[in-house]
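> Please find the sequence and the predicted model below.
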Amino acid sequence: KNEVEQSPQNLTAQEGEFITINCSYSVGISALHWLQQHPGGGIVSLFMLSSGKKKHGRLIATINIQEKHSSLHITASHPRDSAVYICAVRSPNTGNQFYFGTGTSLTVIP
Amino acid sequence: NAGVTQTPKFRILKIGQSMTLQCTQDMNHNYMYWYRQDPGMGLKLIYYSVGAGITDKGEVPNGYNVSRSTTEDFPLRLELAAPSQTSVYFCASSYPWVGGSSGANVLTFGAGSRLTVL
């Protein structure tokens, strides 16, 4: 069993739709990261959370530490949001290593 | 700032050949990591380093070696390349966890190196 599980694996949305990607984890964490990877591209960090909620533009990330769950929301989705979104957690129990979900592939259709 | 720089971006190897993937960061990060990314799989840790002169195995170290002679550089060496090592490789770096929401805790990735072993 993976330490980090994401759902859904694949998601197709119409432009303008509200999108939610979920992440559950099973280890104790220092922080949770949401990463974005465009096709054939590098990986960039969108958010780092250790509690509560963060917002950058149309992106919102929330975390519930007690339930070991995080969500990434995209409001008013746009084709340029099409990418793979990866949830990662940093664990203090294993020398601050990171564990990664398998990613959610998002396609936003115009 | 260049961030994390990986070279080469693409490489095709024959079975049994050796090569080194280079990784350099200019953020004075203590921690550096090498991951491989296979289709449909999460990033898997190959090796990591918590500082110059210190390296340790991750989840999938077989067939690879690393060294960390300086804070900036963390090369990954593939000895006797095998088709199973066909993958996209990412180098990343970070500071040790400093608590709270500090930007110092962010994990920074290189652009990736696509390696094919034929």
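That came through fine.

> what number of residues lie near A:Ser105?
17 (other Cβ atoms under 10 Å in any protein chain shown). All C-beta atoms are positioned from the backbone trio N, CA, C, and that covers glycine.

> Make sure it is actually in contact with A:Gln9.
Yes. Counting by Cβ atoms under 8 Å, A:Ser105 touches A:Gln9, with 6.9 Å between them.

> any residues in contact with both of those two?
Counting by Cβ atoms under 8 Å, 6 or more residues apart in numbering or on different chains, A:Ser105 and A:Gln9 have no common neighbour.

> tell me the pLDDT at residue 79?
Looking at chain A here, since you left the chain open. Per-residue confidence at A:Pro79 stands at 95 (pLDDT).

> wait, I meant chain B there
For B:Glu79, the predicted pLDDT is 89.

> B:Ser101 now?
54.

> By residue count, tell me the biggest strand in chain A.
Once chain A is assigned using DSSP state E, the strand that runs over the most residues is strand A:83-91.

> ok, residues contacting the very next helix or strand once past that one?
Going down the chain from strand A:83-91, the next helix or strand is strand A:97-100, by DSSP states H and E. Strand A:97-100 is contacted from outside by A:2-4, A:25, A:27, A:33, A:86-91, B:33, B:35, B:42-43, B:45, B:48, B:58, B:107, using Cβ under 8 Å, 6+ apart.

> What of stretch A:65-79?
Contacts for stretch A:65-79 (Cβ under 8 Å, 6+ apart): A:13-26, A:32, A:34, A:46-47, A:49-51, A:58-64, A:81, A:85, A:87, A:106, A:108-110.

> Just the terminal-to-terminal distance for that stretch.
Criterion Cα to Cα, to the nearest Å; first-to-last residue distance in stretch A:65-79 is 31 Å.

> From the structure, what's the count of residues near the closest residue in space to A:Ser91 that isn't next to it in sequence?
Spatially, and ignoring its direct neighbours in sequence, A:Ser91 is nearest to A:Val27 (4.8 Å; Cβ to Cβ, 6 or more residues apart in numbering or on different chains). Using other Cβ under 10 Å, A:Val27 has 15 other residues around it.

> which parts of stretch A:35-52 are buried?
Residues of stretch A:35-52 classed as buried: A:35-37, A:42-43, A:45-50 (neighbour count, 16 or more other Cβ atoms under 10 Å in any protein chain shown).
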